[in-house]
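K.L.:
fold the stuff below for me.
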Amino acid sequence: MPEDKVPEEAMRRVVLALVEHCVRNTRLEDFHAGTVPDSLIGDYSDVKVVTPYGEIPWTEVSRISDAEMKALMIDIVNKVYTFLTHLEDVVVLRDSARWNRPEQDPSLLAFANRRAAAREAENEKKY
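P.N.:
I've put the predicted structure just below:
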């Protein structure tokens, strides 16, 4: 284990603060603020959106437009950049202190492991 590796509990704290400040507290809150339909069945197959061009089943409706997605991603990128450049001052848990404990995402972890193995193989070729 490298000496400069961040301890697991410290990393979990950074992750929670980063997500709270840089993802949850973004334009995503605006999208979340709308009215959510109820479903008698429970799977929303009984819910439809009525438009001038016809009905769209709720399960097929895009909940975010391309323009909204672009604005959201710009907002998140700028917040993450600011967060990482001011890490010591922004690692503060508010609501996220009550969230579930972070866990490794299996697909992202597999990607990271493949990249690490490729990097290690590349380094071995050099020496």
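K.L.:
where does pLDDT dip in this structure?
P.N.:
1-3 (pLDDT under 70).
K.L.:
so for it, the centremost residue is which one?
P.N.:
Val23 (6.2 Å; C-alpha atoms, centre = their mean).
K.L.:
you'd agree that residue is in a strand?
P.N.:
No - using DSSP: H, G, I helix; E, B strand; the rest coil, the assignment for Val23 is helix, not a strand.
K.L.:
residues contacting it?
P.N.:
By C-beta atoms under 8 Å, 6 or more residues apart in numbering, the contact list for Val23 reads 76, 79. (Each C-beta comes from the backbone N, C-alpha and C, glycine too.)
K.L.:
would you map the strands across this protein?
P.N.:
Counting by DSSP state E, the chain has these strands, from start to end: 48-51, 54-57.
K.L.:
what's the distance between the residue nearest to the centre of the chain and Val15?
P.N.:
11 Å (C-beta to C-beta, to the nearest Å).
K.L.:
how about the helices in the protein?
P.N.:
Secondary structure of the chain (DSSP state H): helices at 8-19, 28-32, 66-85, 87-90, 106-126.
K.L.:
turn the ones you listed into JSON lines, including mean neighbour count and distance to Ser45.
P.N.:
Shown next, in JSON lines, are the helices of the chain (neighbours: other C-beta atoms under 10 Å; distance: least, C-beta to C-beta, whole Å):
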{"stretch": "helix 8-19", "mean neighbour count": "15", "distance to Ser45": "31"}
{"stretch": "helix 28-32", "mean neighbour count": "12", "distance to Ser45": "22"}
{"stretch": "helix 66-85", "mean neighbour count": "13", "distance to Ser45": "25"}
{"stretch": "helix 87-90", "mean neighbour count": "10", "distance to Ser45": "42"}
{"stretch": "helix 106-126", "mean neighbour count": "9", "distance to Ser45": "28"}
